[in-house]
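# fold the following, please.
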Amino acid sequence: KQLLDRISTFHNKLTQSVTEKLSMEEIIQSAYNVLKIPILIENLHGDVILQIGLSQDQLQLIKDNQHNLKYTQQYSNNSLFESPAYSKLVSPILINKKHYANCSFIYLSPQSIEEHNHLYLDRISNVTSLCLLYENAQIEEQERLTHTLLDRLIHKKFQSTLDLESYLKFFPFKIQGPFSTTVIRIAQKIETDSLINLHEQLLLFSKDFKSFSIPSLFSIFGENIVILNTQYSDKKSFERLFKSIIRHIEKRNSNYRYFVGMSIPFNDLMQFEKSHEEAKIAENISKQSQLKYYEDLGFLGNFIANMSVDQLHEIAKSMLNELYDFNDPRKKDLLYTLYKYLSNGQKLKETMEGLAISMGGLQYRIKQIELLLNKSLKDSSYSAYLLLILESLILLDELQFN
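From the prediction side, this is the model:
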């Protein structure tokens with residue numbers, strides 16, 4: 001009876017702290033003050049969300065020895081794991097019946113596990129789930145607001161920046177230039193039947209941007225995530241933080257790969273449409289390097305930006321003549337040879353080595369190509385323009401080579 005009274009008082013105190021909107025750190029700290037047992041909250045990938053009562057050296061000890069942990073006992077919903085260095089009593093944190101994270105008691109020698117500790121851990125886990133649920137609700141509410149503003153920019157539902165001012169006052173950060181636009185495409189490394197949940201992915205980026213204090217707006221357009229970065233003044237610093245975020249998210253989504261394109265910085269929100277197009281073009285070419293800047297595309301970026309895909313295909317059809325058939329394996333093979341030959345400045349040796357064919361085989365292919373083009377590749381202006389068209393088709397993913 002005394003035990004149940006103590007646990008009930010403990011639980012009521014924690015629950016009251018939630019209703020008083022204390023932070024999760026303050027609530028877990030109050031639990032630690034009562035129990036004097038280190039508390040560790042981690043996501044399902046082992047990343048620390050919050051810890052109380054552990055030094056940096058102790059955290060490193062836990063990390064270094066986690067592979068030595070062995071399951072030893074079950075206490076209701078809690079599992080006990082032990083290793084020579086420490087023991088860990090783990091309780092699942094459930095949100096909407098979904099396993100979201102883990103809450104643990106850490107026992108470092110000579111601290112021992114008391115018989116009823118799992119009852120206290122259950123209460124801490126339940127209260128933590130309330131805190132995380134409330135935090136997620138706040139983030140989703142904030143995201144709805146950012147969606148509204150960014151959607152108006154994406155779909156051009158405004159006449160001037162004055163139309164947007166009624167939204168700006170509700171943000172926790174100042175929306176001011178310089179700006180840049182980021183477009184993120186997500187692909188599966190191994191194709192599965194399950195669809196990519198873009199809203200869930202957007203929330204992951206939003207949380208990480210918030211943790212790194214990067215003031216940005218988020219939305220979804222088509223199959224991509226669109227981010228408007230505000231106060232974008234330090235390219236190197238932003239790139240470093242952004243790559244850290246990508247690595248962090250890829251660690252949690254091992255089957256996903258993220259391709260990112262970024263626009264040239266701009267100062268007026270009225271320029272957003274142009275920057276969005278720049279970011280989409282940069283994202284299309286970010287196949288080898290995951291982060292690509294539009295400004296690094298140089299002349300090719302400007303060429304594509306001022307031409308529609310239909311116009312590009314019309315020019316390609318005219319210039320490629322009989323080679324304009326991307327579904328014919330033989331012609332596509334010749335197109336690849338043409339692309340490599342032009343990319344290498346029409347140098348036979350480099351092209352031969354790149355394609356791993358003989359000199360005679362390469363010369364035969366070039367003759368075949370010239371016959372189908374009905375044009376000589378010795379015409380330097382024609383060849384230069386042809387390479388530009390091929391590069392543009394590849395950049396826009398209209399032409400793909402394995």
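# can you pull out the low-pLDDT segments for the chain?
138-147, 159, 161, 163-172, 285-289, 302, 305-306 (pLDDT under 70).
# helices of that one, residue ranges please.
Taking DSSP state H as the test, the helices found in the chain are 2-19, 24-35, 56-65, 117-154, 165-168, 198-211, 235-252, 272-285, 299-305, 309-320, 329-343, 348-355, 359-373, 380-395.
# need the winner for burial among those helices.
Ranked by mean neighbour count under mean count of other Cβ atoms under 10 Å, the helices of the chain are led by helix 272-285, which reaches a mean of 21. Heads up, the C-betas are built off the backbone N, CA and C, glycines and all.
# helices or strands up against it?
Packing partners of helix 272-285 (3 or more Cβ pairs under 8 Å, 6 or more residues apart in numbering; DSSP states H and E): helix 117-154, strand 180-188, strand 224-229, strand 256-262, strand 291-293, helix 299-305, helix 380-395.
# tell me which residues in the fourth one are buried?
Of the residues in strand 256-262, those buried by neighbour count under the rule 16 or more other Cβ atoms under 10 Å are Tyr258, Phe259, Val260, Gly261, Met262.
# thinking again about what came up before, could you dump the helices of the chain to TSV with distance to Thr192?
Shown next, in TSV, are the helices of the chain (distance: least, Cβ to Cβ, whole Å):
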stretch	distance to Thr192
helix 2-19	38
helix 24-35	34
helix 56-65	31
helix 117-154	25
helix 165-168	38
helix 198-211	15
helix 235-252	16
helix 272-285	23
helix 299-305	32
helix 309-320	29
helix 329-343	28
helix 348-355	34
helix 359-373	39
helix 380-395	27
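# so for Phe105, which of those helices sits nearest?
helix 117-154 (5.6 Å; Cβ to Cβ).
# quick one, the closest one and helix 198-211 angle?
Interaxial angle, helix 117-154 versus helix 198-211 (axes from the mean of the first three to the mean of the last three Cα atoms, to 10 degrees): 100 degrees.
# who does the nearest residue in space to Ile49 that is not next to it in sequence bridge with?
Distances taken as Cβ to Cβ, 6 or more residues apart in numbering place Ile41 nearest to Ile49, at 4.6 Å, with adjacent residues excluded. Beta bridges link Ile41 to Leu50, Cys103, judged by DSSP bridges.
# was I right to think Ile41 contacts Ala101?
Yes. Using Cβ atoms under 8 Å, Ile41 is in contact with Ala101, at 6.2 Å.
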